[in-house]
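A.B. asks: Structure, please.
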Amino acid sequence: MIMNQFVNFLFLLLFVSVSKAQTDQLKGFKDYYPISVRPEASIGLGNNPYEQILLEATPVVYYGFYNDMRRSLNQDTITSGDAVYLSFQPHFRIYNEESKPVKTPSYKVLIGWQRIIKTDDDNFLTAAIETGHFSNGQAGSAFSTEFDDNSEESIAIYDSIIDDTDLAALLNRSYLYFC
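C.D. replies: Residues are numbered from 1 along each chain as shown. Below is the predicted model of the structure:
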């Protein structure tokens, strides 16, 4: 049941992304971000001995408030262009487990600004500044299910880590579930 809902959600995101791209092409305008995160999906890759990942997906949505970068790149002289945007970057993982296999619905919500400067030699220089919120989808502290993140107990566990500590074995793998 949960798996079907999740797959339907992914197809809806794909449909909305394709629909928006087609609408943008019809208008003759396409946002351009030289520094960006690209969507990706993988099947059964990146597995480790602690958990088996069946599917991992990171759809990415950019909503531009202002973007004149493409115009600046089409100029014959040294020209700068800017973009101001909102970016939503969820990250989903489906694990090989019997109960509630969709875990770590982490996400980033960012507002960003980018500037691009085209040079005489048709090269360009670009910079970006982004700020926002990141949620890792994890319940509790990074290394304990018993304590809240940033509690005194959680900080004591973190401070006890040495160079030889096996962080992968110690990591709290109890997540907030996506239902």
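A.B. asks: Name the next helix or strand downstream of the lowest-mean-pLDDT helix or strand in the chain, please.
C.D. replies: Ranking every helix and strand in the chain by mean pLDDT, DSSP states H and E puts helix 2-27 at the bottom, with a mean of 53. Per DSSP states H and E, the first helix or strand lying C-terminal to helix 2-27 is strand 40-43.
A.B. asks: Give me the sheet partners of that next one and which way each runs.
C.D. replies: strand 53-58 (antiparallel) (DSSP bridges).
A.B. asks: Following element in sequence after the strand it pairs with, please.
C.D. replies: Assignment by DSSP H and E places the next element after strand 53-58 at strand 61-67.
A.B. asks: What's the mean pLDDT across that next one?
C.D. replies: Average pLDDT, strand 61-67: 90.
A.B. asks: hang on, Thr58 packs against Glu40?
C.D. replies: Yes - using C-beta atoms under 8 Å, Thr58 makes contact with Glu40 at a distance of 5.4 Å. Quick note: C-beta positions are derived from backbone N, CA and C, even for glycine.
A.B. asks: Looking at the two, which one has more neighbours?
C.D. replies: Taking neighbours as other C-beta atoms under 10 Å, Thr58 and Glu40 compare with Thr58 leading, 18 against 11.
A.B. asks: Leaving aside the residues adjacent along the chain, what's closest to that one?
C.D. replies: Distances taken as C-beta to C-beta, 6 or more residues apart in numbering place His91 nearest to Thr58, at 4.9 Å, with adjacent residues excluded.
A.B. asks: do Gly44 as well
C.D. replies: Going by C-beta to C-beta, 6+ apart, Gly44 has Leu54 as its nearest residue, at 6.3 Å.
A.B. asks: In contact with that neighbour, which residues are there?
C.D. replies: Counting by C-beta atoms under 8 Å, 6 or more residues apart in numbering, Leu54 makes contact with 43-44, 94-96, 101.
A.B. asks: Looking at those residues, which gets the smallest pLDDT?
C.D. replies: Pro101 (55).
A.B. asks: quick check, Arg70 in a strand?
C.D. replies: No - going by DSSP: H, G, I helix; E, B strand; the rest coil, the assignment for Arg70 is helix, not a strand.
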